[in-house]
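1. Let's see this in three dimensions:
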Amino acid sequence: MRFACALTIAILALSAPAHAADLWGDAEVVDDAALDDMRGGFSVGGVEIGFGAVITTYSDGQMALATQLTWSEAGILVEETFGNLGQTLESLTPEERSALGLDAFAGAGGVVINDETGVTALVHNVTEGALQNVILNTASGRNLSQAVDVTITLPGFEAVQGMLSDELLGLRLDADLSHMLSQPPAS
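-> The predicted structure is shown next:
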């Protein structure tokens with residue numbers, strides 16, 4: 001959460017007009033070096049890996065729901081953005097959710113579009129163990145689509161890739177030499 005706040009302050013400071021400095025008072029501006037250490041991610045065997053995903057669901061070409069996941073050292077940060085379609089799943093009463101058959105999605109982020117063509121529930125359930133996209137639809141003629149954009153950042157991957165290429169070349173040379181040496185001499 002700390003990095004998100006710092007990032008927001010840094011972006012606003014860079015994009016704000018000159019008189020906006022008065023609005024922020026004593027807010028500390030984060031320099032690029034410090035901001036670089038505040039990105040989301042996790043460590044595997046000492047390698048820092050950045051991970052993020054954006055799940056976007058569209059109805060008839062309009063964004064209905066977008067969920068952004070950022071995995072940081074502080075845990076998972078999930079941000080939802082709702083379009084202007086339907087109502088949020090969270091805003092339904094337990095009775096309304098039950099009447100629509102959506103009891104299983106209590107606590108999940110979603111949008112319910114309930115109109116003359118039928119009911120469509122668009123659910124993004126993002127937990128520490130899963131990224132789930134669920135569409136429940138009884139409506140006719142509704143065009144639904146989803147997009148998932150995943151970003152994985154592997155710092156120094158070019159060097160690792162070079163080492164892997166060198167190692168593969170060595171393995172190939174070893175295999176070729178072993179094969180040549182195991183062949184009987186030509187007579």
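
2. pLDDT at the residue lying closest to G61 once chain neighbours are set aside, what is it?
-> In space, and not counting its chain neighbours, G61 is closest to N143: 6.9 Å by CB to CB, 6 or more residues apart in numbering. (C-beta placed from N, C-alpha, C; glycine too.) Here the pLDDT value assigned to N143 is 92.

3. Return the distance of N143 relative to L100.
-> Using CB to CB, to the nearest Å, N143 is found at 21 Å from L100.

4. is L131 in a bridge, and if so with what?
-> Bridge pairing for L131 (DSSP bridges) gives the partners V126.

5. go on, the one 4 residues further on?
-> Beta bridges link I135 to L122 when assigned by DSSP bridges.

6. how about low-confidence regions in this protein?
-> 1-48, 72-75, 127-130, 187 (pLDDT under 70).

7. Mind jotting down where the strands sit in it?
-> Remark: strands assigned in the chain by DSSP state E are 42-44, 47-59, 62-72, 75-82, 87-88, 109-115, 118-127, 130-137, 144-153.

8. so which of those comes closest to L168?
-> strand 47-59 (19.7 Å; CB to CB).

9. Adjacent strands (with direction) for the closest one?
-> Under the rule (DSSP bridges), strand 47-59 has strand 42-44 (antiparallel), strand 62-72 (antiparallel), strand 144-153 (antiparallel) as partners.

10. longest helix of this structure?
-> helix 157-182 (DSSP state H).
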